[in-house]
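Asks: missing the sequence, but the structure's below:
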């Protein structure tokens, strides 16, 4: 399993537009084969900071997702909304368990 966690800070004036665009991308992404989880979360007390938590079955799913129209659209407009550089981390997970 591949887990990608992206953290972005959005310009306050762009917050509503960001939420509209990202929620459209999330809805479409959740319908893709091989995507296990695709969630938007917001750190408490940080109204313009968001994290995308994405779980994929494998690298092929990550590559396929990157080529979708909704992902390309999000990438095209996201740069104009950012208040700073994004932080993106990818993890290769070999196993998980409930705690």
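Replies: Received the coordinates, thanks. Please read these numbers as outputs of a predicted model, since none were measured by experiment. Residues are numbered from 1 along each chain as shown.

Asks: after the lengthiest helix in the chain, which helix or strand is next?
Replies: Longest helix in the chain by number of residues (criterion: DSSP state H): helix 15-29. On the C-terminal side of helix 15-29, the closest following helix or strand by DSSP states H and E is strand 35-41.

Asks: in its sheet, what does that next one sit against?
Replies: Strand 35-41 pairs in its sheet with strand 49-56 (antiparallel), by DSSP bridges.

Asks: buried set for the next helix-or-strand element following the partner strand?
Replies: Moving toward the C-terminus from strand 49-56, the next helix or strand (DSSP H and E) is helix 59-66. Using 16 or more other C-beta atoms under 10 Å as the test for burial, helix 59-66 gives 61, 62, 64, 65. The C-beta positions use only the backbone N, C-alpha and C, and glycine is treated the same way.

Asks: which residues does the first one contact?
Replies: It refers to residue 61. Going by C-beta atoms under 8 Å, 6 or more residues apart in numbering, residue 61 touches 2, 32, 33, 34, 35.

Asks: can you do 10 Å?
Replies: 1, 2, 32, 33, 34, 35, 36, 54, 55 (C-beta atoms under 10 Å, 6 or more residues apart in numbering).

Asks: give me the buried entries from those.
Replies: If you count burial by 16+ other C-beta under 10 Å, the buried members of these come out as 2, 35, 54, 55.
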